[in-house]
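Novice: Sequence and predicted model, in that order:
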Amino acid sequence: MIGTILDGRYEVISKLGEGGFGATYLAIDRKLPDKDQCVVKHFSPKSTDTNTLSHARRLFETEAKVLNRLGNHDRVPRLLAHFEEDQKFYLVQEFIDGYDLSREINQHKQWSQEKVIVLLQEILEALEFLHQHHIIHRDIKPSNLMRRQQDGKIVLIDFGAVKQISSQAVNTQGEMTATVVVGTPGYIPSEQSQGQPRLCSDIYAVGIIAIEALTNLNPMQLPRDHLTGEIIWRHQAQVSFQFAEVIDKMVKYDFRQRYQSATEVLQVLQRLTAANHPQKSVLRKTIIGLGMASVATFMAFLFIFIPRNPSLESYNNVAYGINIKYPSNWQKTGTPDHISGNVVKFISPKKTDGDTYLENVNLVVEDLPEAHKELEQFTKFFLDEIQGSYPNIKILEKDKTQLANRPAYQVIYTLEEEGINIKRLQVWMVENNQKAYIITYTADVTQYSEYFPTAQVIINSLEVK
């Protein structure tokens with residue numbers, strides 16, 4: 001297939017993956033001035049007899065219309081084209097520059113409850129659009145969730161419904177039957193394995209991802225109660241009773257006992273987060289207690305003091321070969337210093353006059369020590385430096401990760417600094433055995449979760465040329 005030109009315009013340049021449904025390729029669109037990259041998915045029916053092709057063609061057209069409708073949403077790749085050539089079916093979709101979540105999850109480290117809640121909200125926000133249109137993804141798993149490089153948002157890819165094309169066969173009465181269950185073992189609930197998926201089947205899969213992150217166990221390793229069929233996992237993770245109850249309801253064996261849509265779970269997580277941050281609950285009660293005549297005035301107050309989702313600006317430093325995005329309402333400060341390695345710092349806006357600590361993200365580029373040129377060597381050296389610098393440090397999490405599309409390492413820890421309890425996330429990678437790139441998010445412990453999604457966008461946007 002490499003070098004083949006499909007539909008007279010899409011030139012296949014490499015193979016991205018292969019499965020029972022067919023293969024996925026990276027291609028360029030020869031009819032566009034910049035020869036933009038795109039993804040070509042090739043679906044090949046199990047049989048090429050007339051009845052099978054007729055049914056597959058009809059299903060293919062239906063699914064293409066579904067994807068076209070969904071493609072107008074920011075969290076789903078746009079459908080660029082669909083066509084048939086030589087009794088083979090092709091979908092052409094927008095190329096998402098980023099990496100899938102299998103790079104983040106199950107990397108020999110258990111995630112914290114705080115981090116998993118953020119992950120769930122990110123996935124469910126993407127899934128909510130589908131469920132509002134009564135569409136089931138059917139193959140939610142880490143490798144089908146892309147972390148977009150541009151803004152750090154999660155994008156849904158590889159809808160399982162389309163894969164059904166390849167699993168169709170004709171029985172003796174000429175009727176189409178599904179010979180392969182759509183979905184991935186470990187992530188599909190019982191009703192989906194029986195060919196009867198529902199919206200809450202996707203909720204089950206998202207819950208499994210949460211358990212996978214919390215326990216660092218492959219879904220196929222999770223034990224079940226032999227009487228109820230429920231997953232036994234709590235003893236393998238450190239979570240609050242309330243959050244464990246949410247996860248358990250997401251993965252109930254009986255679909256009728258689960259949350260029924262992404263919106264429903266998001267609402268529960270918002271209430272749980274508010275309970276852990278009393279100041280938000282007080283705000284909500286204040287709104288409820290206001291008379292209708294006062295609501296408009298109070299909302300105007302909120303408009304001033306509660307930050308909205310800001311646009312992103314780019315910071316470029318040619319000398320360091322760096323490009324990084326940051327919210328337009330954050331302050332960019334610092335002059336690059338080749339001696340200290342400090343390149344730039346982004347500081348969060350001040351909420352009130354009493355805001356004593358401003359959350360920030362700082363980027364440092366420093367020469368690698370002579371004896372610590374590799375990532376593993378530098379990591380050991382840097383962790384020793386951190387622990388030696390702060391006697392009251394408490395390390396919460398250490399893990400492998402990615403930074404600027406390169407292997408990296410991260411650590412999360414708390415400490416007391418100038419009388420303030422702070423929480424810090426540091427991520428680093430090495431380049432060409434010469435430079436270490438270290439990006440640090442620091443926040444007041446009580447504000448860490450609130451600013452974490454924004455900090456994550458900044459960190460994920462880092463490009464090193």
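Specialist: Perfect, I can see it now. Residues are numbered from 1 along each chain as shown.
Novice: From here on, just use CA atoms for contacts and neighbour counts.
Specialist: OK.
Novice: Name the spans of the stretch 351-465 of the chain whose pLDDT lies under the cut-off.
Specialist: For the stretch 351-465 of the chain, the stretches flagged by pLDDT under 70 are 353-356.
Novice: how about Leu272, what does it touch?
Specialist: Leu272 makes contact with Gln242, Phe243 under the criterion Cα atoms under 8 Å, 6 or more residues apart in numbering.
Novice: repeat that with 10 Å
Specialist: By Cα atoms under 10 Å, 6 or more residues apart in numbering, the contact list for Leu272 reads Ile117, Gln242, Phe243, Val246, Leu266.
Novice: Excluding chain neighbours, what is closest to the residue positioned nearest the centre of the chain?
Specialist: The residue lying closest to the centre of the chain (Cα atoms, centre = their mean) is Ile154, at 3.9 Å. What sits nearest to Ile154 in space, not counting adjacent residues and going by Cα to Cα, 6 or more residues apart in numbering, is Arg147, at 4.7 Å.
Novice: Tell me where the model's unsure across the stretch 101-250 of the chain.
Specialist: Using pLDDT under 70, the flagged stretches of the stretch 101-250 of the chain are 107, 160-182.
Novice: where along it do the helices fall?
Specialist: Assigned by DSSP state H, counting those that start in this stretch, the stretch 101-250 of the chain shows helices spanning 113-132, 160-163, 190-193, 199-215, 241-250.
Novice: sorry, back to before: which of the contacts of Leu272 sits closest to Ile439?
Specialist: Ile117 (22.6 Å; Cα to Cα).
Novice: residue contacts, the closest residue to the closest one other than its chain neighbours?
Specialist: Distance criterion Cα to Cα, 6+ apart; nearest residue to Ile117, sequence neighbours excluded, is Leu269 at 7.4 Å. Contacts for Leu269 (Cα under 10 Å, 6+ apart) come out as Ile117, Val118, Leu120, Gln121, Phe243, Val246, Thr263, Ala275.
Novice: Buried only: go through the residues you listed for me.
Specialist: Buried residues within these, counting neighbours by 16 or more other Cα atoms under 10 Å: Ile117, Val118, Leu120, Gln121, Val246, Thr263.
Novice: For the last one, which three-state class applies?
Specialist: Of the three states, Thr263 takes helix according to DSSP: H, G, I helix; E, B strand; the rest coil.
Novice: Ok, which of the helices of the stretch 101-250 of the chain comes nearest Ile322?
Specialist: Nearest to Ile322 among the helices of the stretch 101-250 of the chain is helix 113-132 (26.7 Å), distances taken as Cα to Cα.
Novice: on that earlier part again, separation between the residue nearest to the centre of the chain and Leu127?
Specialist: Applying Cα to Cα, to the nearest Å, the value for Ile154 to Leu127 is 10 Å.
Novice: how much space between the residue nearest to the centre of the chain and Val118?
Specialist: 12 Å.
Novice: what sits in contact with each of these two?
Specialist: With contacts taken as Cα under 10 Å, 6+ apart, Ile154 and Val118 have Leu124 as neighbours in common.
Novice: picking up where we left off before, got the helices of the stretch 101-250 of the chain as TSV, with distance to Asn362 columns?
Specialist: Formatted as TSV, the helices of the stretch 101-250 of the chain follow (distance: least, Cα to Cα, whole Å):
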stretch	distance to Asn362
helix 113-132	20
helix 160-163	41
helix 190-193	46
helix 199-215	27
helix 241-250	32
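Novice: out of the ones you listed, nearest to Gln37?
Specialist: helix 160-163 (21.6 Å).
Novice: what's the closest of the contacts of Leu272 to Ile209?
Specialist: The closest of the contacts of Leu272, once distances to Ile209 are taken by Cα to Cα, is Ile117, at 11.3 Å.
Novice: if I read this right, the closest one contacts Thr273, doesn't it?
Specialist: Yes: under the criterion of Cα atoms under 10 Å, Ile117 makes contact with Thr273 at 8.6 Å.
Novice: Find residues that contact each of these two.
Specialist: Phe243, Ser449.
Novice: Now do the strands in the stretch 151-300 of the chain.
Specialist: 154-156, 168-170, 176-178 (DSSP state E, counting those that start in this stretch).
Novice: other SSEs contacting the first one?
Specialist: In this case it means strand 154-156. Strand 154-156 is packed against strand 98-100, helix 113-132, strand 145-148, with contacts defined by 3 or more Cα pairs under 10 Å, 6 or more residues apart in numbering; DSSP states H and E.
Novice: Need the mean per-residue confidence for the first one.
Specialist: Which is strand 98-100. Average pLDDT, strand 98-100: 90.
Novice: and it, how far from the chain's centre?
Specialist: Strand 98-100 sits 8 Å away from the centroid of its parent chain (Cα atoms, centre = their mean, to the nearest Å).
Novice: ok, it: who's next to it in the sheet?
Specialist: strand 145-148 (antiparallel) (DSSP bridges).
Novice: Using PDB, list the CA coordinates for the strand it pairs with.
Specialist: This file holds the C-alpha atoms of strand 145-148, laid out as PDB (Å, rounded to 0.1, in the frame of the first residue of the first chain):
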ATOM      1  CA  LEU A 145      -7.900   8.200  23.300                       C
ATOM      2  CA  MET A 146      -5.500  10.700  21.700                       C
ATOM      3  CA  ARG A 147      -3.800  13.500  23.700                       C
ATOM      4  CA  ARG A 148      -3.700  16.300  21.200                       C
END
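Novice: ok, the nearest residue to Lys35 once chain neighbours are set aside - contacts?
Specialist: Nearest non-adjacent residue to Lys35, counting by Cα to Cα, 6+ apart: Asp29, 4.9 Å away. Asp29 sits next to 5-6, 8-12, 35-39, 92 when contact means Cα under 10 Å, 6+ apart.
Novice: do Arg198 as well
Specialist: The contact partners of Arg198, by Cα under 10 Å, 6+ apart, come to His131, His134, Ile135, Ile136, His137, Arg138, Pro189, Glu191, Gln192, Phe255, Gln260, Ser261.
Novice: So which residues of the stretch 1-150 of the chain form strands?
Specialist: Counting by DSSP E, counting those that start in this stretch, the strands of the stretch 1-150 of the chain are 5-6, 10-19, 22-29, 37-43, 79-85, 88-94, 98-100, 145-148.
Novice: Appreciated, that's everything.
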